[in-house]
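Visitor: here are the coordinates; sequence isn't available:
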């Protein structure tokens, strides 16, 4: 009974912990700021980094943008914007300044993209909506894919929202008895993806694929104006006040500690204080699966917002992120910083479509059906939407954001202590 009690209290807390400054929130990094909502083609949802299954000496970087595309909108929303450019920032020496910047821009014909910044520019075909097979470009050992794909993020949002509205002891994943089976709320929705596979040594500048460390983040601009940046999932979503979200996306990691660490730590302390009040002295903080960490330690690990990948270790979440990594379950296991929460799960343990075993790895996009069209989840509009064609995740997703951020913090501190 202990685990359901912890989960119940934690979920209820996340809905009502008094984090009043976070009035506009969304899940993962889908729709994390006002500029993202008004510029969906520049909205970076998730970033994945893992070793190629075809060649362990290669690194695969996958970026998903333009979230929650209904299959019926594939032809209208399933195209890249000529005015948007994406940048992959790689820091090789830990100074939080780019040593390599990969700039990705569309050609004027919008049928291909150009990747600049790592030697000779690469021009890669864009797979159009409705294509029967992905168009893959291979130039000098670097593979590139761009086009519609199934959204690889998986989570039982409906079950989670039910707990927020009416907390009860879970019977199936996060759902109480009689509430149905767990289901992936993102099933049936598409995103635009850019997938690159390149030698690890191109990223690290080293001589071995099994050594070297990089610190990375991804950003986007539209007409030269920064719209978004993304590294650790949900940092902006969960820890940055609404009025500062666009400014955070416009900033660079080198300034994060001075500008945002205190704010993030204050939010983490508020969360933990509310947990203490709910649990009382009978269940004091005693350390989660990764050991006890103070709010300051978590804040220091999360801010600056970067992903650190040590290639001497397995490249999987949180040292990188594979498509199949269940970040929700991993996060639920540590976010409460209390005892053994292992086994807490939303019971959605895999994507709705099987990932491919070779490049470009992301599952094929969903296509519009003649009957019963699939529609993205009804997730609320956070006061930002002006019509029915866009979707924003509601305040219930604050919990997921905190969960994801905390997972990265625990893992980062643990890795740094070794």
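Guide: Good, I have the coordinates. The shown structure was predicted, so the numbers you read here are calculated from the model rather than taken from an experiment.

Visitor: Could you list every helix and strand in contact with the helix or strand where residue 203 lies?
Guide: Taking DSSP states H and E as the criterion, the element that holds residue 203 is helix 200-204. Judged by 3 or more CB pairs under 8 Å, 6 or more residues apart in numbering; DSSP states H and E, the packing partners of helix 200-204 are strand 58-69, strand 213-222. No exception for glycine: its C-beta is placed from N, CA and C like everyone else's.

Visitor: Give me the mean pLDDT for it.
Guide: Here helix 200-204 scores 95 as its mean pLDDT.

Visitor: ditto for stretch 123-142
Guide: Mean predicted lDDT for stretch 123-142 stands at 94.

Visitor: List the contacts of that stretch.
Guide: With CB atoms under 8 Å, 6 or more residues apart in numbering as the test, stretch 123-142 has contacts from 74-75, 78-80, 106-107, 110-115, 118-120, 122, 143-148, 196-199, 202, 359-360, 364-365, 367.

Visitor: if you set the cut-off to 7 Å instead, what comes out?
Guide: Here stretch 123-142 makes contact (CB atoms under 7 Å, 6 or more residues apart in numbering) with 74-75, 78-80, 111-115, 122, 143-148, 196-199, 359-360.

Visitor: Of those residues, which belong to strands?
Guide: Among the contacts of stretch 123-142, the residues falling in strands (DSSP state E) are 112-115, 122, 143-148, 196-199.

Visitor: Residue 113 is in contact with residue 147, isn't it?
Guide: No - between residue 113 and residue 147 there is no contact under CB atoms under 7 Å: 10.1 Å.

Visitor: a strand runs through residue 263, doesn't it?
Guide: No - under DSSP: H, G, I helix; E, B strand; the rest coil, residue 263 sits outside any strand and is assigned helix.

Visitor: List the buried residues of stretch 223-242.
Guide: 226-242 (16 or more other CB atoms under 10 Å).

Visitor: ok, which stretches of the stretch 1-150 of the chain are strands?
Guide: Taking DSSP state E, counting those that start in this stretch as the test, the strands found in the stretch 1-150 of the chain are 44-51, 58-69, 84-91, 100-106, 112-116, 122-125, 137-139, 142-150.

Visitor: Bridged to residue 138, which residues?
Guide: residue 143 (DSSP bridges).

Visitor: what about it, distance to residue 102?
Guide: 17 Å (CB to CB, to the nearest Å).

Visitor: Which of those two has more residues huddled nearby?
Guide: residue 102 (21 against 12; other CB atoms under 10 Å).

Visitor: What residues are bridge-paired with the more buried one?
Guide: On the basis of DSSP bridges, residue 102 is bridged to residue 88.

Visitor: Where does pLDDT dip in the stretch 251-400 of the chain?
Guide: 271-272, 274-291, 330-344, 370-400 (pLDDT under 70).

Visitor: now the strands for it?
Guide: Going by DSSP E, counting those that start in this stretch, the stretch 251-400 of the chain shows strands at 307-310.

Visitor: okay if I get the strands of the stretch 1-150 of the chain as a markdown table plus distance to residue 173?
Guide: Output for these, formatted as a markdown table (distance: least, CB to CB, whole Å):
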| stretch | distance to residue 173 |
| --- | --- |
| strand 44-51 | 21 |
| strand 58-69 | 22 |
| strand 84-91 | 34 |
| strand 100-106 | 37 |
| strand 112-116 | 39 |
| strand 122-125 | 39 |
| strand 137-139 | 40 |
| strand 142-150 | 21 |
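
Visitor: do you know which of these lies nearest residue 258?
Guide: When these are compared by CB to CB, strand 84-91 sits nearest residue 258, at 17.4 Å.

Visitor: mean confidence for that closest one?
Guide: The average pLDDT for strand 84-91 rounds to 96.

Visitor: Kindly spell out which helices and strands sit in contact with it.
Guide: strand 100-106, strand 213-222 (3 or more CB pairs under 7 Å, 6 or more residues apart in numbering; DSSP states H and E).

Visitor: deepest of these, which one?
Guide: strand 213-222 (a mean of 21; mean count of other CB atoms under 10 Å).

Visitor: which other residues reach that one?
Guide: 39, 42, 44, 47, 63, 83-92, 94, 96, 203-204, 226-231, 253, 305-311.

Visitor: now the angle between strand 58-69 and that strand, please.
Guide: 30 degrees (axes from the mean of the first three to the mean of the last three CA atoms, to 10 degrees).

Visitor: And the average pLDDT for strand 213-222 is what?
Guide: 95.

Visitor: quick one, the next helix-or-strand element following it and strand 44-51 angle?
Guide: Downstream of strand 213-222, the first helix or strand assigned by DSSP H and E is strand 225-230. If you take the same axes, to 10 degrees, strand 225-230 sits at 50 degrees to strand 44-51.

Visitor: Give me the sheet partners of strand 225-230 and which way each runs.
Guide: strand 213-222 (antiparallel).

Visitor: got the angle between the partner strand and strand 84-91?
Guide: Going by the same axes, to 10 degrees, strand 213-222 makes 160 degrees with strand 84-91.

Visitor: what angle separates strand 213-222 from strand 100-106?
Guide: Using the same axes, to 10 degrees: strand 213-222 against strand 100-106 is 30 degrees.
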